[in-house]
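> how would this look folded up:
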Amino acid sequence: MIKASAKLLALLSVVFSIAVSQVLAVAPSGEEERIDVGGYRMNSLYLRAKKPQLPPIVFIHGASANLYDPVFSFREKLESRADLLFVDRPGHGRSDRGGPENAFPDGQSDAIAALMKKRGIGKAVIVSHSFGGAVAAAFALRHPDMVLGLVFLSPAVYPWPGGIAWYYDAAKVPVSGALFSALVVPPVGLAMINGATRSVFAPNPRPPGYITKARALQALGPKAFRDNAIDVANLLEWTKTNSPQYGRIAAPTVIITGDTDSVVSPDIHSRHLARVIKGARLLVIHNMGHKSDYVARDLAVAAIETVAGKPRDLRKMAAALETSVAGDHEK
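Numbering: from 1, shown residues only. As a prediction, the model looks like this:
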(Lines give C-alpha, C1' and ligand atoms only; values in the text may rest on other atoms or scores of the structure.)
Protein backbone atom coordinates (compact mmCIF):
# COMPACT_ATOMS: atom_id res chain seq x y z
CA MET A 1 0.00 0.00 0.00
CA ILE A 2 2.79 2.43 0.95
CA LYS A 3 4.73 1.65 -2.24
CA ALA A 4 1.58 2.09 -4.33
CA SER A 5 0.84 5.44 -2.68
CA ALA A 6 4.41 6.59 -3.28
CA LYS A 7 4.16 5.63 -6.95
CA LEU A 8 0.83 7.43 -7.27
CA LEU A 9 2.27 10.51 -5.59
CA ALA A 10 5.27 10.47 -7.92
CA LEU A 11 2.99 10.09 -10.94
CA LEU A 12 0.78 12.96 -9.80
CA SER A 13 3.88 15.08 -9.24
CA VAL A 14 5.07 14.39 -12.78
CA VAL A 15 1.65 15.15 -14.27
CA PHE A 16 1.35 18.35 -12.23
CA SER A 17 4.84 19.51 -13.22
CA ILE A 18 4.15 18.83 -16.89
CA ALA A 19 0.91 20.79 -16.62
CA VAL A 20 2.72 23.71 -14.97
CA SER A 21 5.44 23.58 -17.62
CA GLN A 22 2.75 23.92 -20.28
CA VAL A 23 1.41 26.97 -18.47
CA LEU A 24 4.92 28.47 -18.48
CA ALA A 25 5.35 27.95 -22.22
CA VAL A 26 4.97 31.21 -24.11
CA ALA A 27 4.43 31.45 -27.84
CA PRO A 28 7.05 33.54 -29.66
CA SER A 29 6.11 36.96 -30.94
CA GLY A 30 6.12 37.56 -34.67
CA GLU A 31 9.12 39.86 -34.21
CA GLU A 32 11.51 37.21 -32.91
CA GLU A 33 13.81 35.30 -35.21
CA ARG A 34 16.02 32.27 -34.56
CA ILE A 35 19.22 32.38 -36.61
CA ASP A 36 21.86 29.67 -37.06
CA VAL A 37 25.21 30.86 -35.71
CA GLY A 38 27.20 27.70 -36.27
CA GLY A 39 25.22 24.53 -35.59
CA TYR A 40 22.71 26.00 -33.17
CA ARG A 41 20.20 28.86 -33.25
CA MET A 42 20.20 32.12 -31.36
CA ASN A 43 16.90 33.91 -30.81
CA SER A 44 16.68 37.69 -31.03
CA LEU A 45 14.40 40.62 -31.66
CA TYR A 46 15.92 43.17 -34.04
CA LEU A 47 14.27 46.57 -34.41
CA ARG A 48 15.58 48.70 -37.27
CA ALA A 49 15.33 52.50 -37.15
CA LYS A 50 14.51 54.35 -40.37
CA LYS A 51 16.69 57.34 -39.47
CA PRO A 52 18.92 56.29 -36.56
CA GLN A 53 20.31 59.04 -34.34
CA LEU A 54 22.52 56.62 -32.41
CA PRO A 55 24.75 53.66 -33.34
CA PRO A 56 23.39 50.12 -33.03
CA ILE A 57 22.70 48.96 -29.47
CA VAL A 58 22.90 45.34 -28.28
CA PHE A 59 21.21 44.33 -25.03
CA ILE A 60 22.43 41.40 -22.89
CA HIS A 61 20.00 40.26 -20.19
CA GLY A 62 20.86 38.92 -16.75
CA ALA A 63 20.27 35.62 -14.97
CA SER A 64 16.76 34.12 -14.75
CA ALA A 65 15.66 36.33 -17.63
CA ASN A 66 15.30 36.58 -21.39
CA LEU A 67 15.35 39.26 -24.09
CA TYR A 68 11.99 40.65 -23.00
CA ASP A 69 13.51 41.96 -19.77
CA PRO A 70 15.48 44.70 -21.60
CA VAL A 71 12.66 45.04 -24.15
CA PHE A 72 10.38 45.95 -21.25
CA SER A 73 12.86 48.55 -20.01
CA PHE A 74 14.25 50.11 -23.18
CA ARG A 75 12.09 49.58 -26.24
CA GLU A 76 9.78 52.51 -25.58
CA LYS A 77 12.72 54.82 -24.87
CA LEU A 78 14.92 53.91 -27.84
CA GLU A 79 12.82 52.47 -30.65
CA SER A 80 13.25 54.55 -33.83
CA ARG A 81 16.36 56.24 -32.38
CA ALA A 82 18.74 53.35 -33.12
CA ASP A 83 18.90 49.81 -34.44
CA LEU A 84 18.18 47.66 -31.36
CA LEU A 85 19.20 44.03 -30.98
CA PHE A 86 17.68 42.20 -28.01
CA VAL A 87 19.25 38.76 -27.54
CA ASP A 88 18.29 35.57 -25.70
CA ARG A 89 21.59 34.32 -24.27
CA PRO A 90 22.40 30.67 -25.18
CA GLY A 91 20.10 28.35 -23.24
CA HIS A 92 17.72 31.15 -22.28
CA GLY A 93 14.43 32.26 -23.77
CA ARG A 94 14.19 30.63 -27.19
CA SER A 95 17.91 30.35 -27.92
CA ASP A 96 19.51 26.90 -28.17
CA ARG A 97 22.23 26.12 -25.65
CA GLY A 98 24.84 25.18 -28.23
CA GLY A 99 28.09 23.57 -27.11
CA PRO A 100 29.58 23.30 -23.62
CA GLU A 101 31.49 26.55 -24.13
CA ASN A 102 28.16 28.38 -23.97
CA ALA A 103 27.88 27.60 -20.27
CA PHE A 104 30.50 30.34 -19.74
CA PRO A 105 30.56 34.10 -20.51
CA ASP A 106 33.28 33.57 -23.14
CA GLY A 107 31.15 31.24 -25.23
CA GLN A 108 28.06 33.38 -24.82
CA SER A 109 29.95 36.48 -25.94
CA ASP A 110 31.17 34.63 -29.03
CA ALA A 111 27.60 33.54 -29.78
CA ILE A 112 26.39 37.16 -29.57
CA ALA A 113 29.25 38.31 -31.79
CA ALA A 114 28.30 35.67 -34.38
CA LEU A 115 24.67 36.77 -34.23
CA MET A 116 25.65 40.43 -34.68
CA LYS A 117 27.62 39.52 -37.80
CA LYS A 118 24.65 37.57 -39.15
CA ARG A 119 22.50 40.64 -38.54
CA GLY A 120 25.02 42.90 -40.30
CA ILE A 121 26.06 44.77 -37.14
CA GLY A 122 29.78 45.50 -37.22
CA LYS A 123 30.00 47.64 -34.08
CA ALA A 124 27.57 48.49 -31.31
CA VAL A 125 27.07 49.94 -27.88
CA ILE A 126 26.77 46.93 -25.55
CA VAL A 127 24.25 47.33 -22.70
CA SER A 128 24.19 44.63 -20.04
CA HIS A 129 22.47 43.92 -16.74
CA SER A 130 23.64 41.77 -13.82
CA PHE A 131 25.01 38.42 -15.10
CA GLY A 132 24.98 39.96 -18.56
CA GLY A 133 27.79 42.22 -17.34
CA ALA A 134 30.19 39.27 -17.30
CA VAL A 135 29.16 38.41 -20.86
CA ALA A 136 29.67 42.06 -21.90
CA ALA A 137 33.10 42.12 -20.26
CA ALA A 138 34.05 38.91 -22.08
CA PHE A 139 32.73 40.44 -25.31
CA ALA A 140 34.86 43.56 -24.84
CA LEU A 141 37.95 41.42 -24.23
CA ARG A 142 37.37 38.96 -27.06
CA HIS A 143 35.78 41.25 -29.67
CA PRO A 144 37.09 44.77 -28.94
CA ASP A 145 36.73 45.84 -32.57
CA MET A 146 32.95 45.31 -32.32
CA VAL A 147 32.48 47.54 -29.26
CA LEU A 148 31.67 51.25 -29.55
CA GLY A 149 30.93 51.62 -25.85
CA LEU A 150 29.82 49.73 -22.76
CA VAL A 151 26.99 50.44 -20.32
CA PHE A 152 27.09 48.11 -17.30
CA LEU A 153 23.94 48.04 -15.16
CA SER A 154 24.44 46.42 -11.73
CA PRO A 155 27.05 44.07 -13.22
CA ALA A 156 28.12 40.74 -11.70
CA VAL A 157 31.76 40.55 -12.74
CA TYR A 158 33.94 39.62 -9.74
CA PRO A 159 34.21 36.67 -7.34
CA TRP A 160 31.86 36.97 -4.37
CA PRO A 161 31.78 35.35 -0.94
CA GLY A 162 29.19 32.76 0.05
CA GLY A 163 28.94 30.70 -3.12
CA ILE A 164 25.60 30.22 -4.89
CA ALA A 165 22.03 29.58 -3.72
CA TRP A 166 21.16 25.99 -2.74
CA TYR A 167 18.62 25.58 -5.54
CA TYR A 168 21.28 26.36 -8.14
CA ASP A 169 23.49 23.70 -6.57
CA ALA A 170 20.57 21.26 -6.70
CA ALA A 171 19.77 22.04 -10.34
CA LYS A 172 23.29 21.89 -11.77
CA VAL A 173 23.93 18.21 -10.84
CA PRO A 174 23.80 16.00 -13.99
CA VAL A 175 20.96 13.54 -13.21
CA SER A 176 19.19 14.64 -10.05
CA GLY A 177 19.48 18.26 -11.17
CA ALA A 178 17.44 17.53 -14.27
CA LEU A 179 14.76 15.85 -12.13
CA PHE A 180 14.78 18.71 -9.63
CA SER A 181 14.41 21.26 -12.45
CA ALA A 182 11.57 19.28 -14.05
CA LEU A 183 9.58 18.19 -11.00
CA VAL A 184 10.21 20.75 -8.25
CA VAL A 185 11.05 24.06 -9.89
CA PRO A 186 7.95 24.70 -12.06
CA PRO A 187 5.25 24.37 -9.36
CA VAL A 188 7.35 25.90 -6.55
CA GLY A 189 8.65 28.67 -8.78
CA LEU A 190 5.16 29.51 -9.95
CA ALA A 191 4.07 29.90 -6.33
CA MET A 192 7.07 32.10 -5.50
CA ILE A 193 7.43 34.24 -8.64
CA ASN A 194 5.45 37.17 -7.26
CA GLY A 195 7.60 37.58 -4.17
CA ALA A 196 10.82 36.79 -6.02
CA THR A 197 10.33 39.49 -8.65
CA ARG A 198 9.36 42.03 -6.01
CA SER A 199 12.54 41.27 -4.07
CA VAL A 200 14.71 41.83 -7.15
CA PHE A 201 13.26 45.35 -7.51
CA ALA A 202 13.32 46.12 -3.77
CA PRO A 203 13.42 48.64 -2.22
CA ASN A 204 11.93 50.11 -5.40
CA PRO A 205 8.41 49.13 -6.48
CA ARG A 206 7.98 46.48 -9.14
CA PRO A 207 6.27 48.09 -12.15
CA PRO A 208 2.75 46.93 -13.08
CA GLY A 209 2.62 44.08 -15.57
CA TYR A 210 6.30 43.21 -15.22
CA ILE A 211 5.90 39.42 -14.90
CA THR A 212 3.78 39.21 -18.04
CA LYS A 213 5.58 41.80 -20.17
CA ALA A 214 9.07 40.57 -19.30
CA ARG A 215 7.91 36.96 -19.74
CA ALA A 216 9.49 36.17 -16.39
CA LEU A 217 7.83 32.74 -16.19
CA GLN A 218 10.09 31.47 -18.99
CA ALA A 219 12.91 31.20 -16.43
CA LEU A 220 10.94 28.49 -14.57
CA GLY A 221 10.95 26.08 -17.49
CA PRO A 222 13.04 22.98 -16.57
CA LYS A 223 15.72 23.45 -19.25
CA ALA A 224 15.99 27.22 -18.82
CA PHE A 225 16.22 26.91 -15.04
CA ARG A 226 18.94 24.27 -15.22
CA ASP A 227 20.98 26.13 -17.84
CA ASN A 228 20.70 29.25 -15.72
CA ALA A 229 21.88 27.33 -12.63
CA ILE A 230 24.90 26.03 -14.53
CA ASP A 231 25.67 29.56 -15.77
CA VAL A 232 25.61 30.97 -12.24
CA ALA A 233 27.67 28.08 -10.85
CA ASN A 234 30.31 28.57 -13.56
CA LEU A 235 30.38 32.35 -13.17
CA LEU A 236 32.14 32.27 -9.81
CA GLU A 237 35.16 30.37 -11.13
CA TRP A 238 35.10 32.29 -14.40
CA THR A 239 35.41 35.63 -12.62
CA LYS A 240 38.36 34.39 -10.57
CA THR A 241 40.24 33.57 -13.77
CA ASN A 242 39.11 36.40 -16.03
CA SER A 243 38.51 39.48 -13.86
CA PRO A 244 42.25 40.32 -13.75
CA GLN A 245 41.99 41.01 -17.50
CA TYR A 246 39.36 43.78 -17.23
CA GLY A 247 42.07 46.43 -17.25
CA ARG A 248 42.54 45.68 -20.96
CA ILE A 249 39.06 47.03 -21.76
CA ALA A 250 39.51 50.30 -23.62
CA ALA A 251 35.99 51.17 -24.81
CA PRO A 252 34.16 54.18 -23.32
CA THR A 253 32.37 52.81 -20.26
CA VAL A 254 29.60 53.88 -17.88
CA ILE A 255 28.63 51.79 -14.85
CA ILE A 256 25.32 52.35 -13.05
CA THR A 257 24.41 50.64 -9.78
CA GLY A 258 22.28 51.09 -6.67
CA ASP A 259 23.66 51.34 -3.15
CA THR A 260 20.88 49.12 -1.76
CA ASP A 261 21.36 46.29 -4.26
CA SER A 262 21.01 43.10 -2.20
CA VAL A 263 21.49 40.79 -5.20
CA VAL A 264 24.85 41.99 -6.59
CA SER A 265 27.09 43.95 -4.22
CA PRO A 266 27.98 47.39 -5.67
CA ASP A 267 31.20 47.41 -3.64
CA ILE A 268 32.44 44.03 -4.84
CA HIS A 269 31.47 44.53 -8.47
CA SER A 270 30.66 48.02 -9.80
CA ARG A 271 33.09 50.05 -7.68
CA HIS A 272 35.89 47.61 -8.38
CA LEU A 273 35.18 47.53 -12.11
CA ALA A 274 35.16 51.35 -12.26
CA ARG A 275 38.63 51.45 -10.70
CA VAL A 276 40.00 48.92 -13.18
CA ILE A 277 38.64 50.19 -16.54
CA LYS A 278 40.52 53.35 -17.44
CA GLY A 279 38.20 56.34 -17.81
CA ALA A 280 35.08 54.46 -16.67
CA ARG A 281 32.35 56.60 -15.15
CA LEU A 282 30.57 55.21 -12.09
CA LEU A 283 27.11 56.35 -10.98
CA VAL A 284 25.89 54.95 -7.65
CA ILE A 285 22.22 55.76 -6.99
CA HIS A 286 21.09 56.03 -3.38
CA ASN A 287 18.08 53.86 -2.44
CA MET A 288 18.12 51.94 -5.74
CA GLY A 289 18.08 48.14 -5.75
CA HIS A 290 19.16 45.61 -8.37
CA LYS A 291 16.87 46.54 -11.27
CA SER A 292 18.85 49.54 -12.47
CA ASP A 293 17.94 48.54 -16.02
CA TYR A 294 14.38 49.67 -15.29
CA VAL A 295 14.58 52.07 -12.35
CA ALA A 296 17.48 54.00 -13.92
CA ARG A 297 16.51 53.49 -17.55
CA ASP A 298 16.48 57.22 -18.42
CA LEU A 299 19.97 57.54 -16.94
CA ALA A 300 21.01 54.40 -18.82
CA VAL A 301 19.77 55.91 -22.10
CA ALA A 302 21.82 59.03 -21.35
CA ALA A 303 24.81 56.77 -20.64
CA ILE A 304 24.31 55.11 -24.04
CA GLU A 305 24.30 58.56 -25.63
CA THR A 306 27.45 59.47 -23.69
CA VAL A 307 29.51 56.46 -24.80
CA ALA A 308 28.23 57.15 -28.34
CA GLY A 309 29.89 60.58 -28.13
CA LYS A 310 26.97 62.85 -27.28
CA PRO A 311 27.38 65.28 -24.36
CA ARG A 312 25.08 64.47 -21.44
CA ASP A 313 25.21 65.64 -17.82
CA LEU A 314 25.07 62.24 -16.16
CA ARG A 315 25.76 63.57 -12.67
CA LYS A 316 22.82 65.95 -12.86
CA MET A 317 20.55 63.19 -14.12
CA ALA A 318 21.77 60.84 -11.38
CA ALA A 319 20.95 63.45 -8.74
CA ALA A 320 17.45 63.90 -10.18
CA LEU A 321 16.95 60.13 -10.20
CA GLU A 322 17.96 59.91 -6.54
CA THR A 323 15.29 62.47 -5.69
CA SER A 324 12.70 60.48 -7.64
CA VAL A 325 13.72 57.16 -6.08
CA ALA A 326 13.62 58.72 -2.61
CA GLY A 327 10.04 59.82 -3.29
CA ASP A 328 9.04 56.31 -4.33
CA HIS A 329 10.80 54.89 -1.30
CA GLU A 330 8.79 57.09 1.07
CA LYS A 331 5.41 56.08 -0.38
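
> name the element residue 325 belongs to?
helix 314-330 (DSSP states H and E).

> run through who's touching that helix.
With contact meaning Cβ atoms under 8 Å, 6 or more residues apart in numbering, helix 314-330 is reached by 203-205, 254, 281, 283, 285-288, 295-296, 298-299, 302-303, 306. In short, each C-beta sits where N, CA and C put it, glycine included.

> now stretch 285-302
Under Cβ under 8 Å, 6+ apart, the answer for stretch 285-302 is 62, 69-70, 72-74, 77-78, 127, 129-130, 151, 153-154, 200-204, 207, 256-264, 283, 312, 314, 317-318, 321-322, 325-326, 329.

> same thing but at 7 Å, please
70, 73-74, 77-78, 127, 129-130, 151, 153-154, 200-204, 207, 256-264, 283, 312, 314, 317-318, 321-322, 325-326, 329 (Cβ atoms under 7 Å, 6 or more residues apart in numbering).

> what residues sit buried inside stretch 278-297?
Neighbour-count burial for stretch 278-297 flags 280-285, 287-297 (criterion: 16 or more other Cβ atoms under 10 Å).

> now, these that are in strands?
The strands, defined by DSSP state E, take in 281, 282, 283, 284, 285 from these.

> just the pLDDT for the third one.
Looking back up the chat, that one is residue 283. With respect to pLDDT, residue 283 scores 98.

> hang on, it packs against residue 258?
No - under the criterion of Cβ atoms under 7 Å, residue 283 makes no contact with residue 258, lying 9.8 Å away.

> what about the stretch 101-250 of the chain, any weak spots by pLDDT?
Residue ranges of the stretch 101-250 of the chain with pLDDT under 70: 183.

> let's see that with 90 instead.
Under the criterion pLDDT under 90, the flagged ranges of the stretch 101-250 of the chain are 162-171, 173-192, 220-223.

> where along the protein do the strands fall?
Under DSSP E, the chain gives strands at 32-36, 41-47, 57-60, 84-87, 124-129, 147-153, 253-258, 281-285.

> what are the buried residues along the third one?
Buried positions in strand 57-60, judged by neighbour count with 16+ other Cβ under 10 Å: 57, 58, 59, 60.

> check the first one too.
Of the residues in strand 32-36, those buried under the neighbour-count criterion (16+ other Cβ under 10 Å) are residue 32.

> report all helices and strands that it contacts.
With contacts taken as 3 or more Cβ pairs under 7 Å, 6 or more residues apart in numbering; DSSP states H and E, strand 32-36 sits against strand 41-47.

> the strand it packs on packs against which elements?
Counting contacts by 3+ Cβ pairs under 7 Å, 6+ apart, strand 41-47 is packed against strand 32-36, strand 84-87, helix 105-118.

> please identify the most buried of those.
Greatest average neighbour count among these goes to strand 84-87 (a mean of 26), per mean count of other Cβ atoms under 10 Å.

> direction included, what does that strand pair up with?
strand 41-47 (antiparallel), strand 57-60 (parallel) (DSSP bridges).

> export those strands to a markdown table and tack on distance to residue 100 and mean pLDDT?
Shown next, in a markdown table, are these (distance: least, Cβ to Cβ, whole Å; pLDDT from 0 to 100):
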| stretch | distance to residue 100 | mean pLDDT |
| --- | --- | --- |
| strand 41-47 | 16 | 97 |
| strand 57-60 | 20 | 99 |
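
> to residue 246, which of those lies closest?
strand 57-60 (16.1 Å; Cβ to Cβ).

> distance to residue 218 for the strands paired with strand 84-87 - can I get that in CSV?
Compiled in CSV, the strands paired with strand 84-87 are given as follows (distance: least, Cβ to Cβ, whole Å):
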stretch, distance to residue 218
strand 41-47, 11
strand 57-60, 16
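
> for those strands, which one sits closest to residue 235?
strand 57-60 (13.6 Å).

> redo the strands of the chain as a markdown table? Include distance to residue 243.
Shown next, in a markdown table, are the strands of the chain (distance: least, Cβ to Cβ, whole Å):
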| stretch | distance to residue 243 |
| --- | --- |
| strand 32-36 | 31 |
| strand 41-47 | 26 |
| strand 57-60 | 17 |
| strand 84-87 | 23 |
| strand 124-129 | 15 |
| strand 147-153 | 13 |
| strand 253-258 | 14 |
| strand 281-285 | 16 |
